[in-house]
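S.K.: Sequence plus predicted model, see below.
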Amino acid sequence: MISTTMRMMGIIIIRMIITTTLIIIIMISTIMMTITTKITRIHKTTILITIMAIRLMVITMIIVMVIIMIIVMEIIITTMNILKIITMMIISLMITVITMMIITIMITIMIIIIMITVIITMITVLITMMVITMTTVLTMMTTTTTTVLIT
């Protein structure tokens, strides 16, 4: 049997590795976000929002998977029961599948919301353009009538 100190050391090492990987992932995502913000301008804000949302979802998914991995590894280290390990693996797989489903649903909702906002902005722009054209036409009409009246 493995001694308790060895188990503790193993758990600590696994946790250290996981935390470092998480930090690296977060750093990479922030760097990517800064790059995208530098490249994109005002008209590409919607795309940026979607990218940010997807990135956040991915990060959360990774964190959840890491937590599941920690639990599984700790169980494997503490109890060397094959049945328990198998059940935990099945549970973790189920959890990952559920999280993936939730994440995809969230992403689709975000995309739908962004599409709606884009449509609304387009409509407002069109309305403003129509108003501007109408006012210009009206002013032109009034000026022509006044000139005619004056003459």
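M.R.: Now that the structure is in, tell me what you want to look at.
S.K.: and Val66, how many residues sit next to it?
M.R.: Val66 has 17 neighbours, counted by other C-beta atoms under 10 Å. Every C-beta, even on glycine, is put in place using the N, C-alpha and C of the backbone.
S.K.: what about the helices in this structure?
M.R.: Secondary structure of the chain (DSSP state H): helices at 4-39, 45-78, 82-150.
S.K.: so who does the closest residue to Ile95 other than its chain neighbours touch?
M.R.: Counting by C-beta to C-beta, 6 or more residues apart in numbering, Ile95 lies nearest to Ile68, which is 5.8 Å off, once chain neighbours are set aside. Neighbour list for Ile68: 92, 95-96 [criterion: C-beta atoms under 8 Å, 6 or more residues apart in numbering].
S.K.: same deal with Thr96?
M.R.: By C-beta under 8 Å, 6+ apart, the neighbours of Thr96 are 64-65, 68.
S.K.: could I get those residues as JSON lines with distance to Thr142 and pLDDT?
M.R.: Shown next, in JSON lines, are those (distance: C-beta to C-beta, whole Å; pLDDT from 0 to 100):
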{"residue": "Val64", "distance to Thr142": "66", "pLDDT": "70"}
{"residue": "Met65", "distance to Thr142": "68", "pLDDT": "71"}
{"residue": "Ile68", "distance to Thr142": "72", "pLDDT": "70"}
